[in-house]
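what's the 3D shape of this:
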Amino acid sequence: MASAQESLPVELKFSGEMYQGVMPARELSEVLDGFDRFARALSVASGADEIEVKVQAFSEGSFDIPLLLDLAGKAGLGAILWSIVTAWWKVAFRRVANARHDAETEVVGVTFTDGGYVEIPEAAWRLLNDREAKRAMRKITGPLRRGADELVITGLEAEPRSILPADAVSMDDDPEPIAPSIFTTTATVDTLRFKSAKFWRLDTDMGTIGATIEDEAFLTSLKRGTRVGENDVFTVRMRAETDPDQGHTKYFVEQVMKHDPGPEQEILPDAD
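Residues are numbered from 1 along each chain as shown. Sure thing, here's the model as predicted:
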């Protein structure tokens, strides 16, 4: 089936005393390169085949940059991009304290350091934590660090969005650590073909995850011959640690609280 084609007009508008109809060529180049990089990251997040950025003819007045995003891929990509960026904007310039991913609904619940909470699609969370997207947005907002008063972006959402110098500076800060999330859950073993008995793939209510086993008492019991089968059910206390820069979450089993053996057992590899 042929890819759908559509175009999405986008405009970046810088205002300020130094940006009345003019802009240094080096800054313009940086902004365009940044937006092109952001579009590539957005392409990955939205599942587009390709997003090509084209510069349209300039208009007069304060320095505007009219762009045209040519979208290739599944039908309705424009609406998908709108929804991703709208959700991304809710989090992009705020400090995250914790995040919890629901694999079943593909939603990430985000708690902020000021106590606020929002739920966003996992595609927006991936975009938020995409290193290339972060570098791209720093390039796009570069003029705000050098005298521009405001950047208004039109076209990526239903309403224009404003970015101020303080917002741009906040993007330069190193991300604060996200507090580990500790919880209890039940799990079954996804596969018994382990490279190491200290790293398991588990089926949980969050989906299939990889987890490092930190419960030394349980690991010792494995070395002594405790058998584990695919139908066994474990009650475990887990810790989730999220890298705020990469958006990747690692899981750790702090304690195996209960082990209910299934009908068939297999010996795991050595726990060393």
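
Which residue ranges make up the domains of this protein?
Domain assignment for the chain, taken from automatic domain parsing, gives 4-82+124-170, 181-267.

can I get those in JSON lines with mean neighbour count?
For every residue, glycine as well, the C-beta is placed using N, CA and C. JSON lines is the format used below for the domains of the chain (neighbours: other Cβ atoms under 10 Å):
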{"stretch": "domain 4-82+124-170", "mean neighbour count": "17"}
{"stretch": "domain 181-267", "mean neighbour count": "15"}
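
Mean pLDDT lowest where, among those?
Set side by side, the domains of the chain show their lowest mean pLDDT on domain 181-267, which sits at a mean of 81.

Return the distance of it from the chain's centre.
Taking Cα atoms, centre = their mean, to the nearest Å, one finds the center of domain 181-267 at 25 Å from the center of the full chain.

sorry, back to before: of the domains of the chain, which approaches Arg95 most closely?
The stretch from the domains of the chain with the least distance to Arg95 (Cβ to Cβ) is domain 4-82+124-170; that distance is 8.2 Å.

Can you add distance to Asp102 and give the domains of the chain back as a markdown table?
Shown next, in a markdown table, are those (distance: least, Cβ to Cβ, whole Å):
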| stretch | distance to Asp102 |
| --- | --- |
| domain 4-82+124-170 | 11 |
| domain 181-267 | 7 |
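
and His101, what element?
Under the assignment given by DSSP states H and E, the secondary-structure element containing His101 is strand 96-102.

Excluding residues flanking it in the chain, which one is nearest Arg201?
Nearest residue to Arg201 in three dimensions, chain neighbours excluded: Asp190, at 3.9 Å (Cβ to Cβ, 6 or more residues apart in numbering).

residue contacts, that neighbour?
The contact partners of Asp190, by Cβ atoms under 8 Å, 6 or more residues apart in numbering, come to 200-203, 208.

before we move on, what about Val91?
Applying Cβ under 8 Å, 6+ apart to Val91 gives the contacts 110, 118, 120, 124-125, 128.

Just the ones of these in helices?
Judged by DSSP state H, the contacts of Val91 include 124-125, 128 as members of helices.

returning to what we had before: need the contacts of Val91 in JSON lines with distance to Trp89, can you?
Converted to JSON lines, these look like this (distance: Cβ to Cβ, whole Å):
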{"residue": "Val110", "distance to Trp89": "12"}
{"residue": "Val118", "distance to Trp89": "10"}
{"residue": "Ile120", "distance to Trp89": "10"}
{"residue": "Ala124", "distance to Trp89": "9"}
{"residue": "Trp125", "distance to Trp89": "13"}
{"residue": "Leu128", "distance to Trp89": "10"}
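
ok, so of those residues, who is nearest Gly229?
Gly229 has its nearest neighbour among the contacts of Val91 in Trp125, at 34.9 Å by Cβ to Cβ.

where's the closest one relative to Ser7, distance?
Here the distance between Trp125 and Ser7 works out to 27 Å (Cβ to Cβ, to the nearest Å).

from memory Asp102 sits against Val110, does it?
No - look at Asp102 against Val110 with Cβ atoms under 8 Å: they stay out of range, at 11.8 Å.

between the two, which one's more packed in?
A side-by-side neighbour count of Asp102 and Val110, using other Cβ atoms under 10 Å, places Val110 first with 24 against 14.

show me where this protein has helices.
Counting by DSSP H, the chain forms helices over residues 25-46, 77-92, 122-128, 131-140, 165-170, 216-223, given from the N-terminal end onward.

okay if I get these as a markdown table plus distance to Tyr19?
As requested, the helices of the chain are arranged in a markdown table below (distance: least, Cβ to Cβ, whole Å):
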| stretch | distance to Tyr19 |
| --- | --- |
| helix 25-46 | 9 |
| helix 77-92 | 22 |
| helix 122-128 | 27 |
| helix 131-140 | 14 |
| helix 165-170 | 13 |
| helix 216-223 | 61 |
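
Looking at the ones you listed, which is nearest to Pro66?
Distances from Pro66 to each of the helices of the chain were compared by Cβ to Cβ, and the smallest falls on helix 25-46, at 11.7 Å.

Right, I'll call it a day here.
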